[in-house]
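Asker: can you look at this prediction? I've put the sequence above it.
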Amino acid sequence: MTIVVTGSVATDHLMRFGARFRGQLLPDQLENISLSFLVEDLQVRRGGVAANICFGLGSLGQRSVIVAGVGCDFDDYDRWLTEHRVDTSHVLRCDDLHTARFICTTDTEQNQIASFYPGAMAQAATIDLVEILSAVGHVDLVVVSPDDPAAMVRHTRACRTAGVRFAADPSQQIARLDGAELHELVDGAHYLFTNEYEAALLAKKTGWSEDDILGRVGCWVTTRSEASITLRRAGHAPVEICAVPAEVVVDPTGVGDGFRAGFLAAIASDLDLEHAAMTGAALATIVIETTGTQEYTADPRRFTALLETTYGRDAATHIGHALRLDIPAAELEATR
């Protein structure tokens, strides 16, 4: 299965604040905020939603094609992605700009304050996705993930023009997109990805009810913090899949991207929606236990053990076989 992922490529600057943000906020002075947080740690990592999803797909053995605007500093990142089964030959290189930057501080309650500099991502709207799809050949799915808003709309139109299935992943860009743009991004999507807050904001900004949205998409996948994943389809009862508990929560950055990568890798391996959600949940847990969005390894033994502990041996065996992660029983026993 050939998956094309459009969206951001960025360098992440991840910092930790050793207290609670809310302890520094004065309710009667919110209109005059002027704060500086003394952070305890700085990690500079590769990131960006499209790159994170592609890396996650590669970690589970799936090849993907990334489509994004990148800057003059992309060479090392290019080699990294290529080493992890990502085709980077269709990125738009902007030698007069830097690749996007994500600067994020996380407090002790896992709340985050972040800024995003788009850099070369702002040029993504000039990318001709129809031309790229033709060059790639047969494409099974295009993921339209957070990007320059005009690029997201243009890429969605390109999918319709080319008759290619697409997944809508507006995520944090819902705040920047207006109702008409969101209508265009969502309508006809084979998959729609949101978290719980984004689902409510999407409904508010589009003016569509839950039934309206379900009538326009194939499957609406909603992650609910650390609790569960909800799969909704028109004419079907919602399906709840529990999350995979983490041994330790290190950094939530990129967890949603990890979930999407796991979900899509399972779909590419011909698994059904429920097993895809389980796969996504397991990969999301591996991400949250790691600092950085592309610093983890989807070790087959650890991955299979997480699935078995949460969903049972049958599910773990079925998913492991589909993803070609089969582990001999004696070796698996040693991970318990």
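Answerer: Looks like it came in fine. Numbers count the residues shown, from 1 in each chain.
Asker: just want the most central residue of this structure.
Answerer: residue 257 (2.1 Å; Cα atoms, centre = their mean).
Asker: pLDDT score for that residue?
Answerer: In this model, residue 257 is scored at 97, pLDDT.
Asker: so how far is residue 244 from residue 311?
Answerer: Going from residue 311 to residue 244 by Cβ to Cβ, to the nearest Å gives 8 Å. Yep, even glycine has a C-beta here, placed from its N, CA and C like the rest.
Asker: what is in contact with the two at once?
Answerer: Here residue 311 and residue 244 have residue 278 as joint contacts, going by Cβ atoms under 8 Å, 6 or more residues apart in numbering.
Asker: quick one: the helices in this structure?
Answerer: Counting by DSSP state H, the chain has helices at residues 49-59, 75-83, 129-136, 149-162, 179-186, 196-206, 210-214, 255-268, 273-288, 300-311, 313-322, 329-333.
Asker: same for the longest one, what does it pack against?
Answerer: Other elements packing on helix 273-288 under the criterion 3 or more Cβ pairs under 8 Å, 6 or more residues apart in numbering; DSSP states H and E are helix 49-59, strand 219-224, strand 228-232, strand 239-242, helix 255-268, helix 300-311, helix 313-322.
Asker: then the second one?
Answerer: Counting by 3+ Cβ pairs under 8 Å, 6+ apart, the packing neighbours recorded for helix 75-83 are helix 49-59.
Asker: what does the helix it packs on contact?
Answerer: With contact meaning Cβ under 8 Å, 6+ apart, helix 49-59 is reached by 3, 5-10, 46, 63-64, 66-68, 77, 81, 84-86, 143, 145-147, 169, 171, 254, 257-258, 260-262, 264-265, 268, 283, 287, 293-294, 296-298.
Asker: can you rerun that using 7 Å?
Answerer: Outside helix 49-59, the residues that touch it by Cβ atoms under 7 Å, 6 or more residues apart in numbering are 3, 5-9, 64, 66, 68, 81, 84-86, 143, 145-146, 171, 254, 257-258, 260-262, 264-265, 283, 293-294, 297-298.
Asker: the closest residue to residue 183 other than its chain neighbours - how many residues pack around it?
Answerer: With Cβ to Cβ, 6 or more residues apart in numbering as the criterion, residue 183 has its nearest non-adjacent residue at 5.9 Å, and that residue is residue 206. Using other Cβ atoms under 10 Å, residue 206 has 22 other residues around it.
Asker: check the one 3 residues further on too.
Answerer: Residues lying near residue 209 (other Cβ under 10 Å) number 10.
Asker: which residue, other than its chain neighbours, is closest to it?
Answerer: Spatial nearest neighbour of residue 209, excluding adjacent residues (Cβ to Cβ, 6+ apart): residue 203 at 6.9 Å.
Asker: again, but for residue 100
Answerer: Among residues not flanking residue 100 along the chain, residue 10 sits closest, at 3.9 Å (Cβ to Cβ, 6+ apart).
Asker: check residue 47 too.
Answerer: Closest residue to residue 47 apart from its sequence neighbours, by Cβ to Cβ, 6+ apart: residue 12 at 3.5 Å.
Asker: surely that neighbour touches residue 42?
Answerer: No - between residue 12 and residue 42 there is no contact, the gap being 10.6 Å when judged by Cβ atoms under 7 Å.
Asker: neighbour-wise, which of these two wins?
Answerer: Comparing residue 12 with residue 42 by other Cβ under 10 Å, the one with more neighbours is residue 12, at 23 against 10.
Asker: about what we covered before: residues in contact with the residue nearest to residue 183?
Answerer: Contacts for residue 206 were tallied using Cβ under 7 Å, 6+ apart; they are 179, 182, 183, 186.
Asker: residue contacts, residue 109?
Answerer: Counting by Cβ under 7 Å, 6+ apart, residue 109 makes contact with residue 20.
Asker: returning to what we had before: now the helices of the chain in a markdown table, with distance to residue 116?
Answerer: Output for the helices of the chain, formatted as a markdown table (distance: least, Cβ to Cβ, whole Å):
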| stretch | distance to residue 116 |
| --- | --- |
| helix 49-59 | 11 |
| helix 75-83 | 17 |
| helix 129-136 | 22 |
| helix 149-162 | 13 |
| helix 179-186 | 18 |
| helix 196-206 | 16 |
| helix 210-214 | 26 |
| helix 255-268 | 14 |
| helix 273-288 | 19 |
| helix 300-311 | 30 |
| helix 313-322 | 34 |
| helix 329-333 | 41 |
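Asker: worst mean pLDDT among the ones you listed?
Answerer: Per-stretch mean pLDDT for the helices of the chain is lowest at helix 329-333 (a mean of 45).
Asker: and the residue nearest to the centre of the chain, what does it touch?
Answerer: Taking Cβ under 7 Å, 6+ apart as the contact definition, residue 257 lies against 49, 52, 53, 56, 293.
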